[in-house]
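Student: coordinates only, sequence not included:
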C-alpha cells in the first residue's frame, strides 16, 4: 500500500493514495489564484524530474507524511515582506521551519526591496533557503526558480545520504 497524503482546505481533508513516497511537500497557505497556479506548475515540473511533491495548506496531526522532507513554502508578496513570511510560516513548528525552501512570489521585480538575508531573518528562520519568483510577464523567472528548487531538493538529498552514511560509519566503529 502506498502513502496517504492529506490536503486540508478549511474543514475538509482530501486523502490521495500514491505508490511513491514524498520527496518534498509544497505548502501554500495563501490559496490565491496565483499561488495555486504556481504550486501546480511547480508540482508538475518536479514530478517530471522524479520528485513527488504533494500540495497542502496545513500541517496538522493528520499530515505526518513526508517525515523530514523539505517543505517548499509559497509566500505571496502581499503587503510587507516580513509580515507575509511570518504569515506563511506561522503554523509550522521550528523543526519544520528548518526544512523550508521559501519561494517569494512577487508581482513586480521592484518588490524585492527588503533583504531577506539579513541576520535577524536568518536567526528567526535558520537553515531556510529563499528564492524570488517574479510573476510580472516581462520579468518572469518561473522556470529558473523551478530549476533552482529542483537543485535544492537534490542537494538536500545528497546531504541526507552523506549524514546517514556518517552515522552508519560511527555506529560501526563502536
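Tutor: Structure's in. What do you need? Here the structure is a predicted model, which means the values were calculated and not measured.
Student: Quick check: residue 91 touching residue 71?
Tutor: No: between residue 91 and residue 71 there is no contact under C-beta atoms under 8 Å: 11.3 Å. Where C-beta positions appear, they are placed from N, C-alpha and C, glycine not excepted.
Student: neighbours of residue 40, just the number please.
Tutor: Other residues lying near residue 40 total 13 when counted by other C-beta atoms under 10 Å.
Student: ditto for residue 30
Tutor: Residue 30 has 21 neighbours, counted by other C-beta under 10 Å.
Student: how about the nearest residue to it, chain neighbours excluded?
Tutor: residue 76 (4.6 Å; C-beta to C-beta, 6 or more residues apart in numbering).
Student: Quick check: residue 30 is in a strand.
Tutor: No: membership of residue 30 in a strand is not supported by DSSP: H, G, I helix; E, B strand; the rest coil, which gives coil.
Student: for this protein, which helix is longest?
Tutor: For the chain, the helix with the greatest residue count under DSSP state H is helix 142-173.
Student: gap between whatever helix or strand residue 123 lives in and the chain center?
Tutor: Taking DSSP states H and E as the definition, residue 123 sits inside helix 119-124. Centre-to-centre, helix 119-124 and its host chain are 18 Å apart (C-alpha atoms, centre = their mean, to the nearest Å).
Student: Mind listing what's buried along it?
Tutor: Going by neighbour count (16 or more other C-beta atoms under 10 Å), the buried part of helix 119-124 is residue 121.
Student: swap in stretch 79-98?
Tutor: Residues of stretch 79-98 classed as buried by neighbour count (16+ other C-beta under 10 Å): 81, 84, 85, 88, 89, 92, 96, 97.
Student: Pull the residues that contact it.
Tutor: 27, 29-30, 58-59, 68, 71, 73-78, 100, 102, 104, 111, 114, 116, 121, 125-128 (C-beta atoms under 8 Å, 6 or more residues apart in numbering).
Student: what mean pLDDT does it have?
Tutor: Mean per-residue pLDDT for stretch 79-98: 85.
Student: same deal with stretch 39-56?
Tutor: For stretch 39-56, the per-residue pLDDT averages 94.
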